[in-house]
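*Asks:* Quick check, what structure comes out for this input:
(chains A and B)
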Amino acid sequence: MKRSNEPIFWSLFGAGGMLAALIGPALVLITGIAVPLGILFPADTMSYAHMLAFAQSWIGKILLLAVIALFMWHAAHRIAILLHDFGVHAVTVVKVVCYGLAFAGTVIAAWTLLGL
Amino acid sequence: MSKRRPYVRSMDGWWKRDAYFVKYMAREVTAVFVAAYAVVLLVGLVRLAQGQAAYEGWLAALKSPLSLVFHLVLLATFVYHTWSWFNIMPKTMPIMFVGGKRVQPGMITGAGLAAAVVACLAVLLIVRGVAS
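*Replies:* Numbering: from 1, shown residues only, chains lettered A, B, ... in the order given. Down below sits the predicted model:
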C-alpha cells in the first residue's frame, strides 16, 4: 500500500496554526500597528540595524523562518481545502500550487536568512 | 448514447445555508489572512537583505494608512483564528484523560486561550524589553 503524504502536510498545518494562534495577534500588533504608529515600543524597535542584527543571530533566523514558513504551510493546507469547498475539484493541481507556493516561500526565507 | 442530463443540485453558496457552515467558513478563511501576513514578513526579510534603503522603503510602506487599516483587519482575523483554533481543538486532538476522567472540551479550549494570552503578553514584553 502506498503511504499517504497527508501526515506531513497536516503536521505543518497544525504547527503553523498553533504558532499563529499563540503569538500571531502579538506579532501583527507589533510589526503592523504599534511600531509603524510609534506607540508602545521605542521608535527604533524595527530599525535596519536592529532587524539586521536579529536576522543575523541564530535565534533570530530560527524564529523568522519558523513564523514565515509555518504560517505559509498552515495557510496552504487550509486554502487547498477551501478551494475544494468552492468547487475547484482539481485536487492534485490545487495541492501542487498551494504546497508549491509554501515551499517556495520557505526556500526564499531560508536562502535569504542564510545569506545575511 | 444516452442524451439524458440528470438533475444535479447546485452546490453554489452551500455554506450560506447553515450557521454552522458559515462559522466553518469564517474559521477557514482566516488562512488567507495568515498567508498575507507571512508574505508581508517575507517581503520585509528580502528587503532587509537588499540593504538599508530597500528595508526603510518597506518600513515606510508599513506606515501608510492603507497598511495600517490592512493590519487592523489582520489583527482581527488573527484574534479570530486564535479563538476558533482553540474552539475546535477538543475535536482535533486525541481524547485526553486525567485521573481516569475525560478532560472536558471547555477545559481544553479555556487552557488554550489562556496559553495564547500568556504567549502574546510574553512576546510583547520580550520585544519591549529587548528594544529598550
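
*Asks:* contacts and neighbour counts: CA atoms only from here.
*Replies:* Will do.

*Asks:* Nearest to the spatial middle of chain B, which residue is it?
*Replies:* Centroid-nearest residue in chain B: residue B:81, 3.8 Å away (criterion: CA atoms, centre = their mean).

*Asks:* Mind listing what's buried along the top helix by length along chain B?
*Replies:* Counting residues, the longest helix found in chain B (DSSP state H) is helix B:19-50. Buried residues in helix B:19-50, counted by 16 or more other CA atoms under 10 Å in any protein chain shown: B:27-49.

*Asks:* related to what we said a few turns ago, tell me which element the residue nearest to the centre of chain B falls in.
*Replies:* Element membership of residue B:81, judged by DSSP states H and E, is helix B:65-92.

*Asks:* from the chain's centre, how far out does that helix sit?
*Replies:* When C-alpha coordinates are averaged (CA atoms, centre = their mean, to the nearest Å), helix B:65-92 and its chain have centres 4 Å apart.

*Asks:* what's the angle from it to helix B:19-50?
*Replies:* With axes from the mean of the first three to the mean of the last three CA atoms, to 10 degrees as the basis, helix B:65-92 and helix B:19-50 are set at 130 degrees to each other.

*Asks:* Check which helices and strands helix B:65-92 is in contact with.
*Replies:* The helices and strands touching helix B:65-92, judged by 3 or more CA pairs under 8 Å, 6 or more residues apart in numbering or on different chains; DSSP states H and E, are helix A:6-28, helix B:19-50, helix B:105-131.

*Asks:* by how many degrees do the longest one and helix A:6-28 diverge?
*Replies:* In other words, helix B:19-50. Interaxial angle of helix B:19-50 relative to helix A:6-28 (the same axes, to 10 degrees): 70 degrees.

*Asks:* Would you mind measuring from residue A:28 to residue B:110?
*Replies:* Per CA to CA, to the nearest Å, residue A:28 is found 23 Å from residue B:110.

*Asks:* So for those two, which sits in the more crowded spot?
*Replies:* Using other CA atoms under 10 Å in any protein chain shown, the more surrounded residue of residue A:28 and residue B:110 is residue A:28, with 21 against 14.

*Asks:* Pull up the gap between that one and residue B:37, please.
*Replies:* Separation of residue A:28 from residue B:37 (CA to CA) stands at 8 Å.

*Asks:* Name the residues contacting each of the two.
*Replies:* Common contact partners of residue A:28 and residue B:37 (CA atoms under 8 Å, 6 or more residues apart in numbering or on different chains): residue B:74.

*Asks:* that older thread, for the helices and strands packed on helix B:65-92, which one sits closest to residue B:67?
*Replies:* Of all the helices and strands packed on helix B:65-92, helix B:19-50 sits nearest to residue B:67, with 10.2 Å by CA to CA.

*Asks:* So which bits of the next helix-or-strand element following that closest one are buried?
*Replies:* Going down the chain from helix B:19-50, the next helix or strand is helix B:52-62, by DSSP H and E. By 16+ other CA under 10 Å, the buried positions in helix B:52-62 come out as B:54-56, B:58-59, B:62.
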